[in-house]
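**Student:** sequence first, then the predicted structure, then my questions.
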Amino acid sequence: MMSIASEFKQFVMRGNVLDLAVGFIMGAAFGKIVSSFTNDVLMPPIGLLLGQVDFSSLYINLSSKQFATLADAKAAGAPAIAYGVFINTMIDFVIVALAAFVLVKWVNRLVGPKPAAPNTKECPFCISRIPLAATRCAHCTSEVKAA
């Protein structure tokens with residue numbers, strides 16, 4: 001009987017779990033890079049083109065008090081809808097999804113197409129190729145088992 005520790009070790013050491021862990025760590029790191037790219041590189045020129053708008057500071061104040069910035073509203077604990085931060089997050093998601101799509105397409109191109117499932121079998125008597133569903137060989141007329 002296997003102990004729980006050795007069973008867990010066997011589970012963790014399987015290739016799929018390790019691949020998943022590495023993928024998760026790389027995804028988290030990639031997410032930080034994309035967030036920085038979106039907030040620090042992509043959005044400032046877009047904001048400049050749209051009239052000096054900083055998307056991360058766009059919000060709707062739901063309280064009766066007025067606040068100069070989203071940071072001030074959050075510091076005061078005022079309810080606010082931070083739709084600018086949401087826009088940045090959506091752009092992050094689109095960039096990550098696009099990068100994942102391109103990566104999967106690239107890997108699929110490297111791996112190549114999967115081989116098609118066989119639609120014939122070999123007759124055990126005359127070694128000719130016959131359809132999988134055949135019960136009699138067309139070449140030697142021997143009875144064969146259907147697949």
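**Tutor:** Cool, got the structure. In this text the structure is predicted, and so the values were computed from the model without any measurement.
**Student:** any idea of the pLDDT on the residue nearest the centre of the chain?
**Tutor:** In the chain, the centroid-proximal residue (Cα atoms, centre = their mean) is Ala100; its distance is 5.7 Å. We have a pLDDT of 83 for Ala100.
**Student:** and what of Ser6?
**Tutor:** With respect to pLDDT, Ser6 scores 83.
**Student:** going on from the helix or strand that contains it, what's the next piece of helix or strand?
**Tutor:** Assessed by DSSP states H and E, Ser6 sits inside helix 4-13. Heading C-terminal from helix 4-13, the first helix or strand you meet, by DSSP H and E, is helix 15-36.
**Student:** would you mark the buried spots in whichever helix or strand comes after that following helix?
**Tutor:** Reading on from helix 15-36 to the C-terminus, the next helix or strand found by DSSP H and E is helix 43-49. Buried residues in helix 43-49, counted by 16 or more other Cβ atoms under 10 Å: 43, 47. Yep, even glycine has a C-beta here, placed from its N, CA and C like the rest.
**Student:** so after helix 43-49, what's the next helix or strand?
**Tutor:** Where DSSP H and E defines the elements, the next helix or strand beyond helix 43-49 is strand 60-61.
**Student:** in its sheet, what does that following strand sit against?
**Tutor:** strand 80-81 (antiparallel) (DSSP bridges).
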